[in-house]
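*Asks:* coordinates only, sequence not included:
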């Protein structure tokens, strides 16, 4: 419902107040006494019998829109539902909440970023939005839903399905709706930081077998595929978003809690709801495929133009899907900044439009299929300081098996490190730690001078890692890390849960260098007595434990540093698409 629907212009005075009605437990917009009283969700007084509605006392909808059902006043009998329409559930008595929780909000969006950004403004709780939300079964592919006291992982999927007016020229004709844009949003347990990990649609992956609920309620296992594009995890052969969840788990080791899916209309309606989003171009763009034509500089875009912006790729970067991912991340950052601006948060008309557009744009999983659940998610995400929201992309390389480059493959070591950081709830930005994980004396082992890699002498033992790990780690250290004075010493006398590095006191400089290369924590460093290698020279001992994840993969992701060469940006910074 916009300002016009409340018999006002769009310029709503920010001084207008949302005030709690103590009789109902709901919020109402209280305007200056000279202004007409608005119609907002909540208790309503009957209109006079001589109004233009034919004397019924009921609101009428704007052309093409349906009016949400009115709430019944206390003490009056419920109305019979009109023929052919559903009756409302009896209204529940509002529970009295603390001041902080009385200001409730949920506004949805093309992705959870909309929930995240608007949760902090919090003043909408419209039950009639439940009717807008579509849901699909998660088929057991998720965790069963996010929890307030744990880290949150939401899978955000944008499809290329041509649904909605004006979308005939976008996407693949007749597409069942593939995973065109996919982001794994991880929010830390302490809500101090978050990571939005983009997964390229052309990444070669293995799609597992997917138990899938059919339209008639029966279950069918859709066979998996090996060595296929990631985007085929949705739509292909009848696969649903639950199959994309399983594919993400197979790829990253992270099981999403929930999923949210949006189509082309989401970008158009949401950007229009907030009055446009500002973007920046470092050069002119004229892309006949996406229909985007804009000169260099800053522009405010919405609707069709916004959709064209997030779909353009041939005129930015290297002209491929990875370049499009970067421009989409820049767009989402700008959208978040707009959502968090006073211009949006103090405008009831924009918030109402945003709530309507968001719920109509979303398809969610069966564990997240009500306004109440989405509101709870929004309040959790709203605790995040968005300057610590990092956008990054799965590290990939061109597929070496192709002469004409069309797909990409994992860049194994840095990709596994990125996945490991998310699994271990480690921020990609520098954030203040709420708890110290290591005692000061243990952490101090990492502080001090470090030897040159060529001076580090170490022998490698396999103490519980997969067979052949010591050889592979030796190759990595010698050929890529510059630790040429290293050797494979075979199997350790016993298996270890954690990888350890034993060293003599005079080898501390070498130990710190190797710990830095391998990503070892101070607790993994074990001061001890000197030993000798096969040549009789003093050496350190690196024993690979069961936590070893592969040659070149950081063993302990607690440094808060992303692997070298991994693209990343934060939501608070303005960047121009090149």
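*Replies:* Sure, I can see it. What you see is a predicted model; the values in this text were computed from it and never measured.

*Asks:* shaky segments in this protein?
*Replies:* By pLDDT under 70, the weakly predicted segments of the chain are 1-129, 161-176, 313-320, 340, 342, 344-346, 430-441, 556-574, 577-578.

*Asks:* repeat that for 50
*Replies:* The model of the chain has pLDDT under 50 over residues 1-18, 27, 29, 31-126, 167, 171, 433-437, 557-559.

*Asks:* For it, just list every one of the helices.
*Replies:* Counting by DSSP state H, the chain has helices at residues 99-102, 112-119, 241-252, 264-273, 303-311, 321-339, 342-345, 348-361, 371-381, 412-423, 440-443, 469-479, 508-518.

*Asks:* these two touch, right, residue 522 and residue 448?
*Replies:* No. The pair residue 522 / residue 448 is not scored as a contact, 11.4 Å apart, by Cβ atoms under 8 Å. In this view, the C-beta of every residue, glycine as well, is placed from N, C-alpha and C.

*Asks:* So for those two, which sits in the more crowded spot?
*Replies:* Neighbour count, other Cβ atoms under 10 Å: between residue 522 and residue 448, residue 522 has more, with 20 against 10.

*Asks:* show me what contacts the more buried one?
*Replies:* 438, 442-446, 515 (Cβ atoms under 8 Å, 6 or more residues apart in numbering).

*Asks:* again, only using 6 Å
*Replies:* Residue 522 makes contact with 438, 442-443, 445-446, according to Cβ atoms under 6 Å, 6 or more residues apart in numbering.

*Asks:* Likewise for residue 460?
*Replies:* Here residue 460 is in contact with 470, 473-474, 488, 542 (Cβ under 6 Å, 6+ apart).

*Asks:* Number of residues surrounding residue 381?
*Replies:* Quick note: residue 381 (other Cβ under 10 Å) scores 26 neighbours.

*Asks:* The chain should start at 801 in everything you say after this.
*Replies:* Fine by me, first position is 801 from now on; the one you just mentioned is residue 1181.

*Asks:* thinking again about what came up before, okay, the contacts of residue 1260 in TSV with distance to residue 936 and neighbour count next?
*Replies:* Compiled in TSV, the contacts of residue 1260 are given as follows (distance: Cβ to Cβ, whole Å; neighbours: other Cβ atoms under 10 Å):
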residue	distance to residue 936	neighbour count
1270	46	25
1273	43	26
1274	48	20
1288	50	15
1342	48	29
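
*Asks:* Residues touching stretch 1008-1024, excluding its own?
*Replies:* 937, 939, 1007, 1037-1040, 1043, 1046, 1050.

*Asks:* Now with 10 Å, please.
*Replies:* Under the criterion Cβ atoms under 10 Å, 6 or more residues apart in numbering, residues 936-941, 1006-1007, 1025-1026, 1033, 1036-1040, 1042-1047, 1049-1050, 1166 lie in contact with stretch 1008-1024.

*Asks:* So which bits of that stretch are buried?
*Replies:* Buried positions in stretch 1008-1024, judged by neighbour count with 16 or more other Cβ atoms under 10 Å: 1008, 1010, 1012-1013, 1022, 1024.

*Asks:* per-domain residue ranges of the protein.
*Replies:* 912-1229, 1240-1344 (automatic domain parsing).

*Asks:* Take the contacts of residue 1260 and lay them out in JSON lines including distance to residue 1128.
*Replies:* JSON lines is the format used below for the contacts of residue 1260 (distance: Cβ to Cβ, whole Å):
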{"residue": "1270", "distance to residue 1128": "42"}
{"residue": "1273", "distance to residue 1128": "37"}
{"residue": "1274", "distance to residue 1128": "41"}
{"residue": "1288", "distance to residue 1128": "45"}
{"residue": "1342", "distance to residue 1128": "41"}
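
*Asks:* and which of those is nearest to residue 1195?
*Replies:* The closest of those to residue 1195 turns out to be residue 1273 (Cβ to Cβ; 19.4 Å).

*Asks:* List the contacts of the closest residue to the closest one other than its chain neighbours.
*Replies:* Leaving aside its chain neighbours, residue 1273 sits nearest to residue 1351 (4.9 Å; criterion: Cβ to Cβ, 6 or more residues apart in numbering). By Cβ under 10 Å, 6+ apart, residue 1351 lies in contact with 1212-1213, 1216, 1268-1277, 1279-1281, 1344.

*Asks:* cool, residue 1209 as well?
*Replies:* By Cβ under 10 Å, 6+ apart, residue 1209 lies in contact with 1002-1005, 1027, 1196-1202, 1215.

*Asks:* That'll do, ta.
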